[in-house]
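Colleague: coords please:
(one chain, ligands or ions: 1)
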Amino acid sequence: MRRTLFGMLAGLWLAIGVASAQQPIIIKFSHVVTPDTPKGKAAEYFKKLAEERTKGKVKVEVYPNSQLYKDKEEVEALQLGSVQMLAPSLAKFGPLGAREFEVFDLPYLFDSYEQLHKVTQGPIGASLLKRLDAKGIVGLAYWDNGFKEMTSNRPIRKVEDCKGLKLRIQSSKVLDAQIRALGAIPQVMAFSEVYQALQTGVVDGAENTYSNIYTQKMHEVQKYLTVSDHGYVGYAVIVNKKFWEGLPPDIRATLEGAMQEATKYGNHIAKQENDEALEGIKKSGKTQIIPLTPQEKLVWKKALLPVHSQMADKIGKDLIQSIYQATGFDPNKL
Ligand code: LMR
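Modeller: Residues are numbered from 1 along each chain as shown. Reported below is the predicted structural model:
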């Protein structure tokens, strides 16, 4: 009898041991945009590569469209370890105590993806990610989205047209200063709340990329879209440091490889995704597109450039200068 009991217990112990050895490592990856965006697609591609290459030892659960958490909550969830991976927009690193990421919000800092990549794919980008270590976070990569346009229910062509408009922004001090420089009133709001706020008139307008505007159907509740290209939206992929460093080294190396490829893929499709979204917006016929002539754009640039020096103390003069140098941006030569 005792023998049988011992045998049963031993069997049970073995079974539990085998089961736990087979339990996959779960990575919960939360984000706020739809799967049909540059970030959404890159996240899905990372999941595919990570699961294939670790032969199922890692399972990546992607939660898009603020399904799990909204902007601010997701950052808290990462710090608490309720999720393991995020890709917040670079304008949302303030709550982490990493305001220097707001340098990417400076208006008209980048004219093209090529200029941007000189920063995100070079030593400046790497050193910014490294600074997250002290916050218990590891920065893995930069993912592109694209350039921002203004949307509103009032036609905006000139800077003066923005006067008095209530415009939604992400939680960045640089964006706050930018909207004020236009004579408008900034309103910080989570991404998941923007559509309804535009629809009900809680705000008069917003700024975002074509892909975000189109996939959230914001163009259906905004009469005008101004092609201002006045700023950039992109992301840093971040993980909880304790979790990441606790992974078996071979698994971590495999995941790093998968991340590198997902980054290449995501950054390769970002421009095209935004171009296609613009076509979709045009086809819908719901929004009037207002293009700006080069002269008109120059007036916008001149109005917004003072934001660079105004925010230099908050973000870091040296950081701004190093970006100017890397991209060839010359504030005296517009
Ligand atoms: C926004 O909040 O407007 C965007 O940054 C959302 C995103 O993640 O692209």
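
Colleague: touching the ligand at all, whichever helix in the chain runs longest?
Modeller: Residue-count comparison of every helix in the chain, with assignments taken from DSSP state H, identifies helix 249-284 as the longest. No: under the criterion of Cβ under 6 Å from any ligand atom, helix 249-284 makes no contact with the ligand; the nearest approach is 11.1 Å. All C-beta spots, glycine's among them, are computed from the backbone N, C-alpha and C.

Colleague: Please state the backbone phi and psi of the residue of the stretch 1-150 of the chain found nearest the ligand?
Modeller: Closest approach of the stretch 1-150 of the chain to the ligand (Cβ to the nearest ligand atom) occurs at residue 89, with a separation of 3.3 Å. In terms of degrees, to the nearest 10, the main-chain angles of residue 89 are phi -60, psi 150.

Colleague: next one: residue 27
Modeller: For residue 27, the backbone dihedrals are phi -110, psi 110 (criterion: degrees, to the nearest 10).

Colleague: ok, now residue 81?
Modeller: Per-residue torsions, residue 81: phi 80, psi 10 (degrees, to the nearest 10).

Colleague: closest point of the stretch 151-300 of the chain to the ligand, which residue?
Modeller: As assessed by Cβ to the nearest ligand atom, the ligand sits closest to residue 191 within the stretch 151-300 of the chain, at 3.4 Å.

Colleague: Check the burial of that residue by counting its neighbours.
Modeller: 22 (other Cβ atoms under 10 Å).

Colleague: Rounded mean pLDDT for stretch 114-126, please.
Modeller: When the per-residue pLDDT values of stretch 114-126 are averaged, the result is 98.

Colleague: and that stretch, which residues are buried?
Modeller: Of the residues in stretch 114-126, those buried under the neighbour-count criterion (16 or more other Cβ atoms under 10 Å) are 115, 116, 117, 118, 119, 120, 124, 125.

Colleague: for stretch 323-334, same thing?
Modeller: In stretch 323-334, the ones that count as buried by 16+ other Cβ under 10 Å are 323, 326, 327, 329.

Colleague: So which of those are in helices?
Modeller: Under the assignment DSSP H, the buried residues of stretch 323-334 contribute 323, 326, 327 to helices.

Colleague: Now do the contacts for the first one.
Modeller: Yep, that's residue 323 we're talking about. For residue 323, the contacting residues are 103, 109, 119, 124, 329, by Cβ atoms under 8 Å, 6 or more residues apart in numbering.

Colleague: any idea how far the ligand is from it?
Modeller: Residue 323 sits 20 Å away from the ligand, going by Cβ to the nearest ligand atom, to the nearest Å.

Colleague: before we move on, back to that, quickly name whichever of the buried residues of stretch 114-126 is closest to residue 267.
Modeller: Using Cβ to Cβ, residue 117 is the member of these that lies nearest residue 267, at 7.7 Å.

Colleague: what's the closest non-adjacent residue to the closest one?
Modeller: The shortest distance from residue 117 to any residue that is not its chain neighbour, by Cβ to Cβ, 6 or more residues apart in numbering, is 7.7 Å, and that residue is residue 267.

Colleague: pretty sure the one you found is touching residue 145, no?
Modeller: No: in this structure residue 267 lies outside contact range of residue 145 using Cβ atoms under 8 Å: 9.8 Å.

Colleague: tell me, how many neighbours does the residue of the stretch 1-150 of the chain closest to the ligand end up with?
Modeller: Number of residues near residue 89 (other Cβ under 10 Å) recorded here: 28.

Colleague: Same question for the one 10 residues further on.
Modeller: Number of residues near residue 99 (other Cβ under 10 Å) recorded here: 17.

Colleague: And for residue 96?
Modeller: A total of 18 residues lie near residue 96 under the criterion other Cβ under 10 Å.

Colleague: picking up where we left off before, so which of the contacts of residue 323 comes closest to residue 225?
Modeller: residue 109 (21.6 Å).

Colleague: for that closest one, helix, strand, or coil?
Modeller: Judged by DSSP: H, G, I helix; E, B strand; the rest coil, the three-state class of residue 109 is coil.

Colleague: contacting residues for it?
Modeller: Listed by Cβ under 8 Å, 6+ apart, the contact set of residue 109 reads 103, 231, 232, 308, 323, 327, 329.
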